[in-house]
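**Q** Below are the sequence and a predicted model for it; my questions follow.
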Amino acid sequence: MAIHQDPVGSGLVATLARPGGNVTGLSTLAPELQGKRLQLLKELLPRLSRVAVLADPTVSIQREDVRALEPAARALQIELQVVEARTPHEIDAAFAAATRERAGALIVLSGPMFFGERGRITRLAAKNRLPAVYGWKEAAKLGGLMTYGVDFVHLYRRAATYVDKILKGARPADLPVEQPSKLDLVVNLRAAKALGLTFPQRVLTLADEIIE
């Protein structure tokens, strides 16, 4: 596996240190990063009180993502509104629900369908004037406001080292699951300007990449 979000929580491996079965590889730490994404939105929008969470209910790990957001939301005094889309055809309706309930920002959870529709989702966020944070930096390249997460290309390259070890006789059960050693924060100044927003200097200082 190259980009599994929660291999222990899903039951795919016994522990990160000793997977114990015939699967190993890399984890993206997705649930653990959700609170940080919410915090970044709050820093950008100090008066933020309601955040929509775009979720695909067919992706089981996203239930853990939502649960991981709840303590951070309570601490920041933010109300979460989960809007669901099972297919690309339901994405427009999810955005309509978010704007109807006056969400002040949006978190897009990671999943295959959302990644495939990333261009459409970033356009809808801009059209509906919803400041949004994503888990993959490709969204920022397409006009998304802000992304915080792992570099998928790097993880796929790292996965090749596991293939090499297994082909040379290593047992997957004995190869620890690797966690990301680097997380990237990418901010898009053009997207912020279109929304009438200015990134705080602290966020710009932390950013690994700034799109102007």
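**A** Done, it's in. Numbering: from 1, shown residues only.
**Q** Show me the helices in the chain, by range?
**A** Ranges of helices in the chain, per DSSP state H, are 30-44, 61-75, 91-100, 112-116, 118-127, 138-141, 152-167, 189-194, 201-206.
**Q** got TSV for these, with mean pLDDT too?
**A** Shown next, in TSV, are the helices of the chain (pLDDT from 0 to 100):
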stretch	mean pLDDT
helix 30-44	91
helix 61-75	91
helix 91-100	97
helix 112-116	93
helix 118-127	97
helix 138-141	92
helix 152-167	92
helix 189-194	97
helix 201-206	96
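**Q** Let's have these in TSV, adding mean neighbour count.
**A** To be clear about C-beta, it is placed using only N, CA and C from the backbone, and glycine gets the same treatment. Listed next are the helices of the chain as TSV, based on neighbours: other CB atoms under 10 Å:
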stretch	mean neighbour count
helix 30-44	20
helix 61-75	17
helix 91-100	17
helix 112-116	16
helix 118-127	18
helix 138-141	22
helix 152-167	14
helix 189-194	15
helix 201-206	11
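**Q** Any idea which of those helices gets closest to residue 13?
**A** helix 152-167 (12.8 Å; CB to CB).
**Q** can you put the helices of the chain in JSON lines and add distance to residue 84?
**A** JSON lines is the format used below for those (distance: least, CB to CB, whole Å):
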{"stretch": "helix 30-44", "distance to residue 84": "16"}
{"stretch": "helix 61-75", "distance to residue 84": "9"}
{"stretch": "helix 91-100", "distance to residue 84": "6"}
{"stretch": "helix 112-116", "distance to residue 84": "11"}
{"stretch": "helix 118-127", "distance to residue 84": "14"}
{"stretch": "helix 138-141", "distance to residue 84": "19"}
{"stretch": "helix 152-167", "distance to residue 84": "24"}
{"stretch": "helix 189-194", "distance to residue 84": "25"}
{"stretch": "helix 201-206", "distance to residue 84": "29"}
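**Q** doesn't residue 114 make contact with residue 62?
**A** No. The pair residue 62 / residue 114 is not scored as a contact, 9.4 Å apart, by CB atoms under 8 Å.
**Q** Find the residues that touch each one of the two.
**A** Here residue 62 and residue 114 have residue 56 as joint contacts, going by CB atoms under 8 Å, 6 or more residues apart in numbering.
**Q** Quick one: residues contacting the spatially closest residue to residue 19 that is not a sequence neighbour.
**A** Computed as CB to CB, 6 or more residues apart in numbering, the closest residue to residue 19 that is not its neighbour in sequence is residue 13, at 3.8 Å. Applying CB under 8 Å, 6+ apart to residue 13 gives the contacts 7, 19, 20, 21, 23, 24, 177.
**Q** Pick out whichever of those residues sits closest to residue 98.
**A** Closest to residue 98, out of all of the contacts of residue 13 and judged by CB to CB, is residue 7, at 30.5 Å.
**Q** Could you tell me how many residues sit around that closest one?
**A** 22 (other CB atoms under 10 Å).
**Q** For the residue lying closest to it once chain neighbours are set aside, grab phi and psi.
**A** The spatial neighbour of residue 7 that comes closest, neighbours along the chain excluded (CB to CB, 6+ apart), is residue 13 at 4.6 Å. Per-residue torsions, residue 13: phi -130, psi 160 (degrees, to the nearest 10).
**Q** No further questions, thank you.
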